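In: Okay, sequence plus prediction incoming.
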Amino acid sequence: MDVKDSNGNLLKDGDSVTLIKDLKVRGSSSVLKRGTMVKNIRLTDDEAEIEGRVERTMMVLRTEFLKKA
């Protein structure tokens, strides 16, 4: 399974990615700002999603809003 970011670059476990858009967090009033770095990502079973730690919280992020750092 090939997991690609918004620019078509291949992602793998341990990569760092950057948000390309402000994202609202479901169930919270917080917003993840554009340019936020997510380090040491983990791939999931779904090629459109990755897991990463953002602000000390593990979150699932859509790859369409990320670019490889």
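Out: Looks like it came in fine.
In: Pairing partners for residue 54 in the sheet, please.
Out: residue 57 (DSSP bridges).
In: Next, count neighbours for it.
Out: 17 (other C-beta atoms under 10 Å). Glycine gets a C-beta too; all of them are placed from N, C-alpha and C.
In: Provide a list of residues in contact with it.
Out: Residue 54 makes contact with 32, 36, 38, 61, according to C-beta atoms under 8 Å, 6 or more residues apart in numbering.
In: I only care about the residues you listed that end up buried; give me the ChimeraX line for that.
Out: A single ChimeraX command is used to select the members of these judged buried by 16 or more other C-beta atoms under 10 Å:
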select :32,38,61
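In: Can you say which two of the contacts of residue 54 are spatially most distant?
Out: Greatest spatial distance among these (C-beta to C-beta): 36 and 61, at 10.1 Å.
In: Now for those two: what residues contact both?
Out: With C-beta under 8 Å, 6+ apart, residue 36 and residue 61 have common neighbours 19, 54.
In: ok, residue 32 - contacts?
Out: Residue 32 neighbours (C-beta under 8 Å, 6+ apart): 19, 22-25, 54-55.
In: okay, which residue is most central for this protein?
Out: Taking C-alpha atoms, centre = their mean, the centroid of the chain lies closest to residue 61, which sits 4.3 Å from it.
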